[in-house]
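**Q** Provided below are the primary sequence and the corresponding predicted coordinates.
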Amino acid sequence: MASHLLGRELSAKRVYTAGSFTLQRFITDLCPSEENHIGEAIVRDNGELEYLKTYRLSAAQTRRVYLLSQLASQNWNLESTASYLGIAYDELIRRFEGAGFGYLLKEQVRSKARVKEPKSTEGFYDEV
């Protein structure tokens, strides 16, 4: 069951420490062509794994996590994120709407991006 988890690069964060135990939350490197996982683990200070819970992300969840992680890496700035991803600002707005995050943006921002929408969106979300 963990074949797509073992041997993958992980990003982990220590959440809590109690005595000789540490609670860590992790996420695999977000690779769209592979299974991606998030989860948590409790590890003893000697490295022994005491508990592991993992959730497999769907392709849509992977795209959503990727978009949010890119936005977070750019200090939650949409213009910087679009530049970092090498896409137009309006395209980033449309991707957020397509991922189900449109409600986080002001309506005037969303409307402006829709006006500039490309004629064809075939393959549009395959890049994320």
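**A** That came through fine.
**Q** contact partners of the lowest-mean-pLDDT helix or strand in the chain?
**A** When each helix and strand of the chain is scored by mean pLDDT, DSSP states H and E, helix 107-115 comes last, with a mean of 83. Contact partners of helix 107-115, identified using CB atoms under 8 Å, 6 or more residues apart in numbering, comprise 89-91, 93-94, 97, 102. Using the backbone N, CA and C atoms, a C-beta is placed for each residue, glycine as well.
**Q** What number of residues are in the vicinity of Ser11?
**A** 12 (other CB atoms under 10 Å).
**Q** and it, that one's in a strand?
**A** Yes. Secondary structure of Ser11, determined by DSSP: H, G, I helix; E, B strand; the rest coil: located in a strand.
**Q** Which pLDDT value belongs to it?
**A** On the pLDDT scale, Ser11 is placed at 90.
**Q** tell me which of the contacts of helix 107-115 is nearest to Thr22?
**A** Gly102 (37.6 Å; CB to CB).
**Q** re earlier: which ones among the contacts of helix 107-115 map onto strands?
**A** Using DSSP state E, no member of the contacts of helix 107-115 falls within strands.
**Q** In the helix or strand harbouring Tyr16, which residues are buried?
**A** Using DSSP states H and E, Tyr16 maps to strand 10-18. If you call a residue buried by 16 or more other CB atoms under 10 Å, then strand 10-18 has no buried ones at all.
**Q** That strand packs against which elements?
**A** strand 21-28 (3 or more CB pairs under 8 Å, 6 or more residues apart in numbering; DSSP states H and E).
**Q** In the longest helix seen in the chain, which residues are buried?
**A** If each helix of the chain is counted by residues according to DSSP state H, the longest one is helix 59-73. Neighbour counts over helix 59-73 (16+ other CB under 10 Å) mark 62-67, 70-71 as buried.
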